[in-house]
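Asker: missing the sequence, but the structure's below:
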């Protein structure tokens, strides 16, 4: 089982059906809860509880804990605080957005998450290679490139953080990616910890 599957045991309505030859369950909900409690990085443990086990009651604690890490990252990189954002919790908003993007599904709006679309007349009008497309033809979704997922654009991030797009692109886009990388590292630490503790 991968760590995500192990964590899904917490949300299962019934106990795990995987059993050893003696009939005893291999991993129980109590095992997973105990393993989560033993992860030394508390932010990582909170992250796993929210993302994989849908334990939303831990969201506020995760929000605050990750915000503190973003403040540390900000200080380490000596990033200036935008003067027009003073008193508006800009670092907190960046932290929260990175968490939401990571735990969200980011389903592509154009194809509904399936990765394919049926060609319509609108596709023929907007496509420079319209003569290659046929109405009713099933194609790979161009919006998500067939993945079914489309993360938010820099334009939407700038809008959410109430910043002009050009300023976001020139000054903050790369910094925000650093914040996303921090969130990804926290998740990786947690997944590594849960796997280590449950495979022992």
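Answerer: Perfect, I can see it now. Not measured: the values here are computed from a predicted model.
Asker: And the pLDDT at residue 72?
Answerer: At residue 72, the pLDDT value in this model is 97.
Asker: number of nearby residues for it?
Answerer: 11 (other C-beta atoms under 10 Å). All C-beta spots, glycine's among them, are computed from the backbone N, C-alpha and C.
Asker: ok, now how distant is it from residue 80?
Answerer: As judged by C-beta to C-beta, to the nearest Å, residue 72 and residue 80 stand 16 Å apart.
Asker: What of residue 88?
Answerer: 15 Å.
Asker: Report the mean confidence score over the helix or strand containing residue 179.
Answerer: Following DSSP states H and E, one finds residue 179 within helix 173-199. With pLDDT averaged residue by residue, helix 173-199 scores 91.
Asker: Pull out the buried residues from that helix.
Answerer: 176, 178-180, 182-183, 186-187, 189-191, 193-195, 197-198 (16 or more other C-beta atoms under 10 Å).
Asker: Go through the residues you listed and name the one nearest residue 117.
Answerer: Using C-beta to C-beta, residue 180 is the member of the buried residues of helix 173-199 that lies nearest residue 117, at 27.9 Å.
Asker: Without its sequence neighbours, what residue ends up closest to that closest one?
Answerer: Of all residues not flanking residue 180 in the chain, residue 98 sits nearest, at 5.0 Å (C-beta to C-beta, 6 or more residues apart in numbering).
Asker: And that neighbour, how far from residue 160?
Answerer: Distance from residue 98 to residue 160, by C-beta to C-beta: 11 Å.
Asker: Same check on residue 122?
Answerer: From residue 122 to residue 160 the distance is 27 Å (C-beta to C-beta).
Asker: what do you get for residue 34?
Answerer: Taking C-beta to C-beta, one finds residue 34 at 37 Å from residue 160.
Asker: Of these two, which one has the most company?
Answerer: A side-by-side neighbour count of residue 34 and residue 160, using other C-beta under 10 Å, places residue 160 first with 15 against 12.
Asker: you'd agree that one is up against residue 97?
Answerer: Yes: counting by C-beta atoms under 8 Å, residue 97 is a contact partner of residue 160 at 6.2 Å.
Asker: residue ranges for the helices of this structure, please.
Answerer: 3-8, 29-37, 42-51, 59-77, 90-103, 121-126, 154-160, 165-167, 173-199 (DSSP state H).
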